[in-house]
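Engineer: Provide a 3D model corresponding to the input given below.
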Amino acid sequence: MTETTFKKKILCIGAGYVGGPTMTVIANKCPDYKVTVVDISEERIRRWNSDNLPIFEPGLEERVFKVRGKNLFFSTDVERGIEEADIIFVAVNTPTKTFGEGMGRAADLQFMEKTARKIREVAKSDKIVIEKSTIPVRAAETLEKILHAGEDGPHFEILSNPEFMAEGTGIGDMESPDRVLIGSMDTPSGQAARDELIKIYEHWVPRDRIITTNLWSSELSKLVANAFLAQRITSINSISAVCEMTEADIGQVADAVGRDSRVGPKFLKAGVGFGGSCFRKDILNLVYLCEHYGLNEIGQFWHYVVKLNDFQMDRFVKRILSAMFNTLVGKKIAIFGFAFKPDTGDTRDAPAIFICKQLLEERAHLSITDPHAIENAKIDMEDYNDVTFEEDPYKAAEGTHGIALLTEWKEYQELDFQRLYDSMEKPACLFDGRNHLDHDKLFDIGFNVYAVGKPDRDHFKK
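Structural biologist: Got it, this is the predicted structure:
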């Protein structure tokens, strides 16, 4: 298809975990649209144009290779992309502020503002600008003020279209979504812009799964969705602590509770805590929003979800310490899994970061292995000594006193644990932070087994 025959030209500013996969799916599903992804990082764009993509996501590589150079393009030429585009998705980073007012809670919108100013500076024709990044409620007002600053210039219609992809299942989530949410202004031009975005999604999404709301409801829905999911994880993790004290089994409790149709079984698997780029950030953003409007009690409620998540990670470290005779000095521990969840190389806010740093504070030696997150783990732990990185889990476990499983990679279920046990110091401990392994089998091999929300399986205890 030539430049003149494309129905519309789509630009996405930001080639990260949201922009790259989202635009890849749109390009595959909408061959009559030209899709360009731009980013100021030359290295990131170089990798998007290579055989070694900057993101690991099941199904992503084959879809990129199928349409790249046909109707999907990756570039550092931001200005040209803006000039040509009819529709602009903004998928830039919106981290939690680390300075000034709202530090530790509010979203840092500097990249969003810089992007809006660049669009205003370069654009010569009307554009639809779509918020894809997670941003605070009523942030669209700020974008509109920047985009329409001055008396002359093109018209910009702002939409909110938050992503609901989960890393590791992102392609499937995008291709078969529970819902697509589009927020717009309740004006004729706002509704016309909304309908243009609906046309894109209708290429593969049933119309009854495309939800339309006002802008503010859409912006808030993203924060609330992540807050509810994180709260659910924290709830089951809090009960895992009770199970460990009472010798109840969190798996059995979760199964019994999840069979209630009003509760359901999803997100009821106990572990070492939630991670990733969204949950903590979005909850803290919600906390800040509540405080801003004087809803302090509600803010405290949501803030405690984050505090309990930190408590769960801290409990896991203390359990390792207790099982290993209250000292880790000079002991070697293998870390199986560093990514915050399986099927991704993303380590942002991964529980492994907190847990590893605490173990190092106890002067342990760590050997970290992960199928896809080794390079990111090296960056996260670059300021620490006594850490080695091994691609091979068998090498990582050699001579260790214990294994701590922190990411539930399928590969770990297929390991020869007898071989691992034979290569370790004795007594050999296994701490299953995801309840991912066969604990009876491990105990029979000789491991002392400590799993989240389950009684200790210790050969020395009668």
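Engineer: Glu361: neighbour count?
Structural biologist: Per other Cβ atoms under 10 Å, the neighbour tally for Glu361 reads 11. C-beta coordinates here come from the backbone N, C-alpha and C atoms, glycine included.
Engineer: Ile355 versus that one, what's the distance?
Structural biologist: For Glu361, the distance to Ile355 (Cβ to Cβ, to the nearest Å) stands at 11 Å.
Engineer: Equivalent analysis for Glu175, please.
Structural biologist: Distance, Glu175 to Ile355, using Cβ to Cβ: 34 Å.
Engineer: next one: His148
Structural biologist: Using Cβ to Cβ, His148 is found at 48 Å from Ile355.
Engineer: So those two - more neighbours on which side?
Structural biologist: Ile355 (25 against 14).
Engineer: Can you classify that one as helix, strand or coil?
Structural biologist: Of the three states, Ile355 takes helix under DSSP: H, G, I helix; E, B strand; the rest coil.
Engineer: Surely it is in contact with Asp310?
Structural biologist: No: in this structure Ile355 lies outside contact range of Asp310 using Cβ atoms under 8 Å: 11.0 Å.
Engineer: which residues are contacting the helix or strand of the chain with the lowest mean pLDDT?
Structural biologist: Of all helical and strand segments in the chain, the minimum by mean pLDDT, DSSP states H and E falls on helix 139-147, at a mean of 85. Contact partners of helix 139-147, identified using Cβ atoms under 8 Å, 6 or more residues apart in numbering, comprise 109, 112-113, 116-117, 119-120, 129, 131, 156, 158, 160, 215-216, 219.
Engineer: buried subset of the residues you listed?
Structural biologist: Restricting the contacts of helix 139-147 to buried positions leaves Leu109, Met112, Ala116, Ile119, Arg120, Val129, Glu131, Phe156, Ile158, Ser160, Leu215, Glu219, with burial counted as 16 or more other Cβ atoms under 10 Å.
Engineer: Which members of those are the farthest-apart pair?
Structural biologist: Arg120 and Glu219 (20.6 Å; Cβ to Cβ).
Engineer: Can you pull up the most central residue in this protein?
Structural biologist: Gly276 (3.7 Å; Cα atoms, centre = their mean).
Engineer: Checking the nearest residue to it once chain neighbours are set aside next. Helix, strand or coil?
Structural biologist: In space, Gly276 comes closest to Phe340 once its chain neighbours are excluded; the distance is 4.7 Å by Cβ to Cβ, 6 or more residues apart in numbering. Using three-state DSSP, the structure places Phe340 in coil.
Engineer: Give me the mean pLDDT for stretch 193-200.
Structural biologist: Average pLDDT, stretch 193-200: 97.
Engineer: for stretch 431-449, that is, sorry about that
Structural biologist: 98.
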